[in-house]
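*Asks:* have a look at this prediction, sequence included:
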Amino acid sequence: SGRGIVIMADEEGYRHGVEIAGQEDFMTVSLEKSDGVLSMVEAAMAGAGRGAEEVYIKMSSSDLSIWKKAGRMFVSPGKDSLVIMCAVPEERKGAASAKEWLGAVLAACGGKVVSQDECAATGVCEAGGGVF
């Protein structure tokens, strides 16, 4: 069912969020369950946010609390397009905003912006041209 697929995407995102939270920089991950569908990538990013936040809460009571939260980018290839979504925590915007990070990737694949601000951005690269 459609709901089951969204739950799978959310769970995949949660696992990646936990993994990324232990990093100190920016991470890019290819999603397996989202099939280039924007709503699925959104579900995965929401799950990643939840997973990472749980790690950050645990870290806040340890010496690791000085770590900055990691920026994350999810790419999801589908049959006709590549969906790209990134999230950059407030404290990382000085290094690269979500808008800048996504812009660099979209320039490489000739994609277009779906939405963007300093902390979250989404874009799509259409199939063709041998880019993906």
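*Replies:* It's in.

*Asks:* ranking helices and strands of this structure by mean pLDDT, which lands last?
*Replies:* Scoring the helices and strands of the chain by mean pLDDT, DSSP states H and E places helix 2-21 at the bottom, with a mean of 83.

*Asks:* what helices or strands is the lengthiest helix in the chain leaning on?
*Replies:* Counting by DSSP state H, the longest helix found in the chain is helix 38-59. Applying 3 or more Cβ pairs under 8 Å, 6 or more residues apart in numbering; DSSP states H and E, one finds that helix 38-59 contacts helix 2-21, strand 71-77, strand 81-87, strand 120-126. All C-beta atoms are positioned from the backbone trio N, CA, C, and that covers glycine.

*Asks:* before we move on, back to that, buried ones in the least confident helix or strand of the chain, by neighbour count?
*Replies:* For helix 2-21, the neighbour count (16 or more other Cβ atoms under 10 Å) marks 5-6, 8-10, 12-14, 16-21 as buried.

*Asks:* pLDDT averaged over the host helix or strand of Lys99 - what is it?
*Replies:* Assigned by DSSP states H and E, Lys99 falls within helix 98-109. Helix 98-109 carries an average pLDDT of 94.

*Asks:* got the buried residues for the helix or strand just after that helix?
*Replies:* Next helix or strand after helix 98-109 toward the C-terminus (DSSP H and E): strand 112-116. By neighbour count on 16+ other Cβ under 10 Å, the buried set for strand 112-116 is Gln116.

*Asks:* strand 112-116: partners in the sheet, and parallel or antiparallel?
*Replies:* strand 120-126 (antiparallel) (DSSP bridges).

*Asks:* angle of the longest helix of the chain against helix 2-21?
*Replies:* 40 degrees (axes from the mean of the first three to the mean of the last three Cα atoms, to 10 degrees).

*Asks:* okay, buried residues for stretch 20-32 please.
*Replies:* Residues of stretch 20-32 classed as buried under the neighbour-count rule (16+ other Cβ under 10 Å) are 20-21, 26-27, 29, 31.

*Asks:* with stretch 119-132 instead?
*Replies:* 119-125.

*Asks:* and stretch 81-99, by the same measure?
*Replies:* Buried positions in stretch 81-99, judged by neighbour count with 16+ other Cβ under 10 Å: 81-89, 92, 96-99.
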